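could you look at this predicted model? Sequence included:
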Amino acid sequence: MRKTFLSVSAFVLLSVSAVAQVKDISFAVAPTADYVWFPKKTAVTNGFMAGGYVGFGFGRNLELLGSYKHSIGLKSTLDGYDAPAAISNVFEAKDVSIYRWGGELKGNIPMAYSFQPYVTLGSGVQTIKANDLSQNQVYFGLGIGSKFNLARRLTLNIEAKATHFSLDSRNILYKPTEANTSAYNSWINNNVEDKSHLAWSVGAGLELYLGGRNPNELTELDQVYTSLKGFKVVIEPTLGYLNFSDDSNLRDAYFGGLALGVDFTEYIGVRGYYHRAMKDEKFSAEFDKLSIYGGDFLARLNVAKGVVPYLQIGVGYMKVGDDYVGKVVSNTNTSGIFAKGGVGLAIPLGKRVELFGVANLMYTTRNEDVSSALSSVHKLQSNVFYNAGVRIKLAKSVEKELYEQELGAAEAAKVWVATPTTTTNVASTVSPEKRNLAYYNSQITATEKQLQMAYQNGDTANANRLLKEKQQWENLRNTYVAERLPYPASEQVRLVRMTPEELQQLINDVVKRIREGEVKSPEQRIDRLEKLLLEMQDSKGEIQEEKIEIPASK
């Protein structure tokens, strides 16, 4: 019943949140194919895996994805073991199927080019089927890659990844048609063991972004990621309840613990946690020999004044003490890694304090004796961990200082600012809209300085790129002003409208004259650029509006 409630809650929260935040949060779909090099000791041949990802894109720089992959044409192999001729001669390669499903965090590294590098961190469950037996393992993956823009919402992704998991290969290599005591099976049982492995892979795929804004443009979320103005240290005293699977020998228990971490923005954060079980399945100051610790990633799907839903994924380790007593006293209890993911709700009580509750599915494995297997088989266990507590956020108020710095830089460069001309005590009455506007202006100023340096060096390609980047920032600023800061028509920016071909010709003319020595300084270059724009405007009357709009300096 509890697990059914969790699944329904996850669906509702995801649906509501995705609709509420479609402006800044996109939906991503990515079919993929990988080639995997399995370690020799896994007894699995190298080969292909196919599948894909679905999930959410939080602005341009962060994605939270669910993944599924399955193998194609893998076989068992004895090449990783120094088997005698009597064993290798009777070995028979069998079909091996591998399935992986889990969650993955993808961080895109911002760059002003047609490609964008990224890193991934993920975890999930791997199932290996061979000899009519299924074995489950919890895996962890770390990858690096790059995405290449093919169209407005379509990218080509190429990546390399390392995946860690534990596997007992005896159940892949043994012969179920022979007795476990046969010469072949005895050799396998004595020379193959359960151990950790690291598999490497390279892959490629197409990623399509649906909804939200163009992933190649900066959103308000991207501004927050870049400036880290919402950075906070977070402390979370918690109470929880862990409902173990019926197949587990571990007893259900209440947990007390503490989580520490940081919120990089209002949307994303990381936590490290430690929880200890209380005795006798009740709230108590006496603790049992059972604890869990690990790390989580949190992603809020919106930021509201009321109840805020969020997603949480993580990995950890469950430590079972030597003196721990399970449901069946005679059974052995082992420690191990786990993967978990869930949904939560946060209720703000103030600017720096909120209540929260989260329900997680926690996946572990256990050894199960199977009569048809050569050794114990790893089986997946699904547990549910409920957790609630108080979230305390510690942060220095730096918004006023940041605003004053950005506004000062923008005014010093004489960049247009759409704010009222008559203000009193601006710093003390700074609004979020003005802070965001100052941020846009500071980015335009920085890009403009780089553009001047490119002009000085005669770097046509870089100048062209920087000019487009500056236009992108100006378009974002103008759109933001039009939506958030309406102002009198008399104060609007005068625009010169050009086609891409006319812009390229203008750039070529400016660079040509720079190389000929006609322009001596950055200020003169800007004046010359304005003069050329005015000449073109006078000669043509009014240039037809195309895709590019350049605000002319006043």
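The structure has been received and is ready for your questions.

can we go C-alpha only for contacts and neighbour counts from here?
Fine.

settle this for me: I188 is touching L173, isn't it.
Yes - the criterion here is CA atoms under 8 Å, and I188 meets it with L173 at 7.1 Å.

shared neighbours, these two?
Common contacts of I188 and L173, defined by CA atoms under 8 Å, 6 or more residues apart in numbering, are absent altogether.

sec struct for the nearest residue to L394 once chain neighbours are set aside, please.
Excluding the flanking residues, the one nearest L394 by CA to CA, 6 or more residues apart in numbering is V233, at 5.0 Å. Secondary structure assignment for V233 (DSSP: H, G, I helix; E, B strand; the rest coil): strand.

who does V233 bridge with?
Beta-bridge partners for V233, by DSSP bridges, are V262, L394.

for K340, helix, strand, or coil?
Secondary structure assignment for K340 (three-state DSSP): strand.

partners of the closest residue to D263 other than its chain neighbours in the sheet?
Nearest non-adjacent residue to D263, counting by CA to CA, 6+ apart: G269, 4.0 Å away. When bridges are called by DSSP bridges, G269 pairs up with D263, L298.

just checking, G269 touches V234?
No - applying CA under 8 Å, one finds G269 not in contact with V234, separated by 9.1 Å.

give the residues shared as contacts by these two.
In contact with both G269 and V234: G261, V262, D263, using CA under 8 Å, 6+ apart.

K512: which of those residues is nearest?
Nearest to K512, judged by CA to CA, of these is D263 at 49.3 Å.

hang on, the closest one packs against D296?
No - in this structure, D263 is not within contact of D296 by CA under 8 Å, at 11.8 Å.

residues shared between the contacts of the two?
V270.

more crowded one of the two?
D263 (22 against 19; other CA atoms under 10 Å).

identify the residues contacting the more buried one.
Contacts of D263 (CA under 8 Å, 6+ apart): G230, F231, K232, V233, V234, G269, V270.

which pLDDT does the model give it?
Looking at D263, its pLDDT reads 88.

for stretch 352-371, the averaged confidence score.
Rounded mean pLDDT across stretch 352-371 is 85.

CA atoms only: put it into CSV for me.
Taking C-alpha atoms only, stretch 352-371 is exported to CSV below (Å, rounded to 0.1, in the frame of the first residue of the first chain):
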residue,chain,number,x,y,z
ARG,A,352,15.5,30.5,5.9
VAL,A,353,13.4,27.7,7.4
GLU,A,354,11.1,25.1,6.0
LEU,A,355,9.5,21.8,6.8
PHE,A,356,10.0,18.9,4.4
GLY,A,357,8.9,15.3,3.8
VAL,A,358,10.1,12.8,1.3
ALA,A,359,9.3,9.3,0.3
ASN,A,360,12.1,7.2,-1.4
LEU,A,361,12.3,3.9,-3.1
MET,A,362,15.6,2.3,-1.8
TYR,A,363,17.0,-0.6,-3.9
THR,A,364,19.3,-3.1,-2.3
THR,A,365,20.4,-6.7,-3.2
ARG,A,366,20.5,-9.8,-1.1
ASN,A,367,21.9,-13.3,-1.6
GLU,A,368,19.3,-16.0,-2.4
ASP,A,369,20.0,-19.7,-2.4
VAL,A,370,18.7,-21.3,-5.6
SER,A,371,18.8,-25.1,-6.1
